[in-house]
Every structure is written in C-alpha cells, then in structure tokens.
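Student: sequence-free structure coming up:
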Ligand SMILES: *Cc1c(COP(=O)(O)O)cnc(C)c1O
C-alpha cells in the first residue's frame with residue numbers, strides 16, 4: 001500500500017541524524033525544493049546577520065568596520081572555515097570574486113608553474129564557464145596557449161607533455177558524475193601536470209579531501225550547497241607548496257603584500273592572500289559565513305550517506321511510479337559515482353519541469369533535454385522524495401504538463 005510506504009519513509013525521517021537541520025532553514029510552505037544544487041536555501045540566521053552588518057556595522061561603524069568588525073579578514077576567515085569542508089588547511093583557501101574569475105586566476109597561475117607548456121586541457125560537457133575562461137586566455141595570449149577539450153572518457157590518454165594544466169569538475173553539473181580525484185590527480189602528476197578541481201557541485205554535498213589527493217588548485221561556489229545566497233562570493237584553494245611560486249595575473253591591490261603602503265609597484269602578499277584582488281563584498285561574505293557555519297555543524301559523512309539514499313530512493317520511485325512515461329536516467333545509477341543530484345532525459349523535459357514547479361516541486365532544466373533534481377540533505381526529507389514523485393506521476397498521468405504556458409522558455413531555466 002502506497003500510504004504505508006510513505007509512513008515508512010516518514011519513520012526513516014524520524015531517525016535521520018540530520019533531521020534537526022531542517023528547522024534551521026526558511027522553507028516556503030507548499031514547496032519541495034529540489035534545486036539546492038543551483039541556489040541553496042536561506043538559513044534562518046542569515047537575515048538577522050546581514051541586517052546587523054548593514055545597520056550596525058555599515059550604518060553606525062562605517063569605515064571603522066574594516067578594523068573594528070574585522071571586515072578586512074573576512075575573505076581569509078571564511079576561507080579557513082571552508083578549508084575544513086574540503087580537506088584543506090588554514091591558509092590555503094580564500095573567499096571572493098566568482099567561480100569563473102577564480103578559474104581564471106588558477107589557470108593563469110598554473111601557466112606560470114609550467115611556462116614551457118601551452119595546452120589547457122579539459123573535457124567536453126563541462127559547465128561552460130570553465131571552458132570559456134580557457135578560451136579567453138587563448139585570445140589574450142594570441143594563441144600561445146591553446147585550449148583542448150576531449151570527451152570525458154579520453155582524459156587519461158590526453159595527458160601528454162604539452163599539457164600545462166588539467167581542469168576538471170569534480171561532480172558534473174548535468175550528469176552528476178563524480179570524478180576520482182585521487183586517481184586522476186596522481187596520474188596527471190606522474191606526467192608533471194597540475195590539476196585544477198572545480199568543486200561547485202561537491203563542496204557541502206560530500207566529503208572532499210584536497211590535500212589527501214595532493215591537489216594543486218581548486219575553486220567552488222558559495223551559493224549552491226553552502227547556502228551563501230544568490231551570487232555569494234566563491235572560493236579558491238591553492239596548495240601551500242604552490243603559493244609562493246605564483247605572481248597573480250589579476251594583481252589587484254588587496255593581493256599586495258602591503259595594500260596600505262599604496263606602493264606604485266605590485267608585490268604579492270605571502271600566502272593565499274595574493275589571490276585576493278579588489279575590495280571584498282562584505283554583505284556577501286556575511287551571508288556566506290552563516291551558510292558555512294551551519295554546514296560545519298553537520299557531519300559530512302552523514303550528509304553523503306543521506307544524499308546517496310535520497311538519490312537512490314528517487315530513482316527507484318520514478319522507475320516504479322512513472323515507468324510509462326519514458327524518463328531515461330541521465331546520471332550514474334551507482335551512488336558512489338553520483339553527486340547529490342539525479343537527472344533524467346525527457347524530450348518534453350522543459351514543459352514537465354515548469355508543470356512541476358507550478359505544483360511546488362522545484363528542480364531545474366538543462367538543455368537539451370535534462371530534468372535535474374538536487375537533494376540537499378540538510379533540508380530534504382525522505383517523505384519529500386515520495387511526495388515529489390507522486391506529484392510527478394500526477395503531472396504525467398493527467399497530461400497537465402502539455403500546455404502552451406509551460407513551453408515558453410524563460411531567460412533562466
Ligand atoms: C555553478 C558553476 C559555476 C558557476 O560559476 P559562476 O562564476 O559563479 O557563475 C562554475 N563552474 C561550475 C562547474 C559550476 O557548476
């Protein structure tokens with residue numbers, strides 16, 4: 001009986017070791033939010049914290065806040081907190097700018113480590129900004145450096161002596177496939193190739209062990225699983241051993257050794273601070289810090305275990321309940337190879353997703369035909385998965401997705 005099965009899942013929620021986290025988020029009524037991989041939810045503590053930064057720190061303390069409220073150290077302080085979540089040490093992570101800009105900083109840094117090599121290697125089907133940043137560097141250098149994109153399964157054979165750097169996303173945004181960071185990094189290092197890992201869909205969703213994998217550089221997003229808010233500052237990791245060998249291409253004044261000496265000439269700060277560029281966005285850092293603090297209260301192994309179970313449950317229920325509607329799994333079935341999301345191909349994927357959103361089940365659509373559902377284990381329950389699949393089944397059975405209004409593409413999908 002379906003009802004008993006829903007009750008079984010509700011019982012599972014009652015023993016979930018992460019169950020207390022849901023109350024720490026502001027979730028709208030009537031919504032099952034399966035898009036925390038794109039924009040994380042609002043932690044309840046964020047509004048008060050941002051309001052305090054606005055009204056007291058900015059409003060009353062004004063410029064004094066750079067010292068008095070330690071604004072100047074926000075990028076490094078929040079960076080150190082993120083370091084714990086990704087297997088890095090204090091002094092190896094800094095927060096600021098966007099993931100795209102941090103990709104540029106890391107690419108240009110690795111080019112200095114390998115100045116005799118000229119190929120920037122990555123894979124097709126990655127989140128496009130990573131490839132676009134490579135293409136910009138190719139133009140900037142008038143083709144001295146060149147981008148090379150190979151299919152995901154051809155990465156190993158593409159590692160030759162021309163490769164200056166390998167840039168890979170740890171969890172693919174569309175397929176949800178997770179890369180073996182340790183094995184790939186070791187193979188690249190055997191050919192003397194540094195690796196940049198994009199952790200946008202991994203940080204906050206699963207344990208990441210950058211130093212254990214001997215990683216060189218990494219970047220990631222603040223607004224996805226870290227719940228830092230729309231356009232939250234991103235982060236950049238540079239292994240300690242590389243930091244002193246890089247003269248930042250984006251050599252901004254806050255990456256200077258003595259910003260307040262106002263020297264005419266750039267002299268990079270020691271350590272990770274050289275990867276800062278201009279004045280940090282303090283309001284964004286404040287919201288991000290709340291999300292990161294909340295994430296740090298959770299056990300990352302428990303997050304991963306629950307995320308795997310939620311994904312497996314969703315796949316099983318869609319297969320059972322919606323078997324007549326030709327959804328094709330677009331992510332690995334094996335939970336170990338899958339990030340915290342499940343995706344399905346369907347040729348009417350866009351309209352189906354809009355119909356789901358109209359019913360309060362919020363996922364997203366990625367061209368050409370992918371419905372994407374993200375499971376943020378801090379605020380998604382097992383019963384949510386049941387309810388979401390029931391609604392999907394209703395939307396399909398009734399044909400309610402098949403309406404003109406659901407087929408008009410919006411600017412953001
Ligand atoms: C989300 C995402 C980004 C986002 O880049 P922004 O500069 O923050 O817009 C970059 N890379 C990957 C792999 C992503 O998933």
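Tutor: Yep, it's here. Since the model is a prediction, treat every value here as computed from it, not as a measurement.
Student: Need the phi and psi values for residue 348.
Tutor: Phi and psi for residue 348, reported as degrees, to the nearest 10, are phi -100, psi 30.
Student: which residues touch the residue nearest to it when sequence neighbours are not counted?
Tutor: For residue 348, ignoring the flanking residues on the chain, the nearest one in space by C-beta to C-beta, 6 or more residues apart in numbering is residue 401 at 6.5 Å. Glycine gets a C-beta too; all of them are placed from N, C-alpha and C. Residue 401 makes contact with 348, 351, 352, 354, 355, 356, 395, according to C-beta atoms under 8 Å, 6 or more residues apart in numbering.
Student: pretty sure the fifth one contacts residue 395?
Tutor: Yes - applying C-beta atoms under 8 Å, one finds residue 355 in contact with residue 395, separated by 4.8 Å.
Student: Which element, helix or strand, includes residue 352?
Tutor: Under the criterion of DSSP states H and E, residue 352 resides in helix 349-358.
Student: can you list the residues of this structure near the ligand?
Tutor: Counting by C-beta under 6 Å from any ligand atom, the chain comes close to the ligand at 98-100, 127, 129-130, 169, 173, 198, 200-201, 221, 234.
Student: cutoff 8 Å now
Tutor: With C-beta under 8 Å from any ligand atom as the criterion, the chain meets the ligand at residues 38, 98-103, 126-127, 129-130, 169, 172-173, 198, 200-201, 219, 221, 223-224, 231, 234.
Student: Which among the residues you listed count as buried?
Tutor: Applying 16 or more other C-beta atoms under 10 Å to the residues of the chain next to the ligand, the neighbour count classes 38, 98-103, 126-127, 129-130, 169, 172-173, 198, 200-201, 219, 221, 223-224, 234 as buried.
Student: picking up where we left off before, would you list the contacts of residue 401 in JSON lines and tack on neighbour count and pLDDT?
Tutor: JSON lines is the format used below for these (neighbours: other C-beta atoms under 10 Å; pLDDT from 0 to 100):
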{"residue": "348", "neighbour count": "17", "pLDDT": "96"}
{"residue": "351", "neighbour count": "22", "pLDDT": "97"}
{"residue": "352", "neighbour count": "24", "pLDDT": "97"}
{"residue": "354", "neighbour count": "20", "pLDDT": "97"}
{"residue": "355", "neighbour count": "24", "pLDDT": "97"}
{"residue": "356", "neighbour count": "26", "pLDDT": "98"}
{"residue": "395", "neighbour count": "24", "pLDDT": "97"}
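Student: For residue 18, state which of those is nearest.
Tutor: Nearest to residue 18 among the contacts of residue 401: residue 356, at 24.8 Å, using C-beta to C-beta.
Student: For the closest one, which non-adjacent residue is closest in space?
Tutor: Excluding its sequence neighbours, the residue lying closest to residue 356 (C-beta to C-beta, 6+ apart) is residue 395, at 5.9 Å.
Student: Which of the three states applies to that neighbour?
Tutor: Classification of residue 395 using DSSP: H, G, I helix; E, B strand; the rest coil returns helix.
Student: Does it touch residue 351 like I think?
Tutor: No - Residue 395 is not in contact with residue 351 according to C-beta under 8 Å; the separation is 9.7 Å.
Student: Next, count neighbours for residue 345.
Tutor: Residue neighbour count, defined by other C-beta atoms under 10 Å, stands at 14 for residue 345.
Student: From the residues of the chain next to the ligand, which land in helices?
Tutor: Counting by DSSP state H, the part of the residues of the chain next to the ligand found in helices is 99, 100, 101, 102, 103, 129, 130.
Student: Next up, the contacts around the residue nearest to residue 40 when sequence neighbours are not counted.
Tutor: Leaving aside its chain neighbours, residue 40 sits nearest to residue 227 (3.5 Å; criterion: C-beta to C-beta, 6+ apart). Contacts for residue 227 (C-beta under 8 Å, 6+ apart) come out as 25, 36, 40, 41, 42, 43, 204, 290, 291, 294, 295, 376.
Student: between the residues you listed, which is nearest the ligand?
Tutor: Checking the contacts of residue 227 against the ligand by C-beta to the nearest ligand atom gives residue 40 as the nearest, at 11.5 Å.
Student: all strands for the stretch 151-300 of the chain, in order.
Tutor: For the stretch 151-300 of the chain, the strands defined by DSSP state E, counting those that start in this stretch occupy 163-169, 195-198, 217-220, 235-238.
Student: Mean pLDDT for those strands - can I get that in CSV?
Tutor: Listed next are the strands of the stretch 151-300 of the chain as CSV, based on pLDDT from 0 to 100:
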stretch, mean pLDDT
strand 163-169, 98
strand 195-198, 98
strand 217-220, 98
strand 235-238, 98
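Student: Of those, flag the one that's most buried.
Tutor: strand 235-238 (a mean of 30; mean count of other C-beta atoms under 10 Å).
Student: ok, that strand: who's next to it in the sheet?
Tutor: Sheet pairing of strand 235-238 (DSSP bridges) gives strand 93-95 (antiparallel), strand 217-220 (antiparallel).
Student: Take these and write them to JSON lines, including distance to residue 48.
Tutor: Shown next, in JSON lines, are the strands paired with strand 235-238 (distance: least, C-beta to C-beta, whole Å):
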{"stretch": "strand 93-95", "distance to residue 48": "21"}
{"stretch": "strand 217-220", "distance to residue 48": "26"}
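Student: coming back round to it: possible to save the strands of the stretch 151-300 of the chain as CSV with distance to residue 391?
Tutor: CSV is the format used below for the strands of the stretch 151-300 of the chain (distance: least, C-beta to C-beta, whole Å):
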stretch, distance to residue 391
strand 163-169, 30
strand 195-198, 32
strand 217-220, 32
strand 235-238, 35
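Student: Would you mind saying which of these lies nearest residue 389?
Tutor: Evaluated over those, closeness to residue 389 peaks at strand 163-169, with 27.9 Å, by C-beta to C-beta.
Student: coming back round to it: most neighbours among the contacts of residue 227, please name it.
Tutor: Counting neighbours by other C-beta under 10 Å, residue 204 leads those with 33 neighbours.
Student: which non-adjacent residue is nearest it?
Tutor: That would be residue 225: by C-beta to C-beta, 6+ apart, it lies 3.0 Å from residue 204.
Student: I figured the one you found hits residue 340, correct?
Tutor: Yes - contact criterion C-beta under 8 Å: residue 225 and residue 340 qualify, at 7.1 Å.
Student: List the contacts of residue 314.
Tutor: 342, 373, 375, 385, 388, 389.
Student: hang on, isn't residue 208 packed against residue 87?
Tutor: Yes - Residue 208 is in contact with residue 87 according to C-beta under 8 Å; the separation is 5.6 Å.
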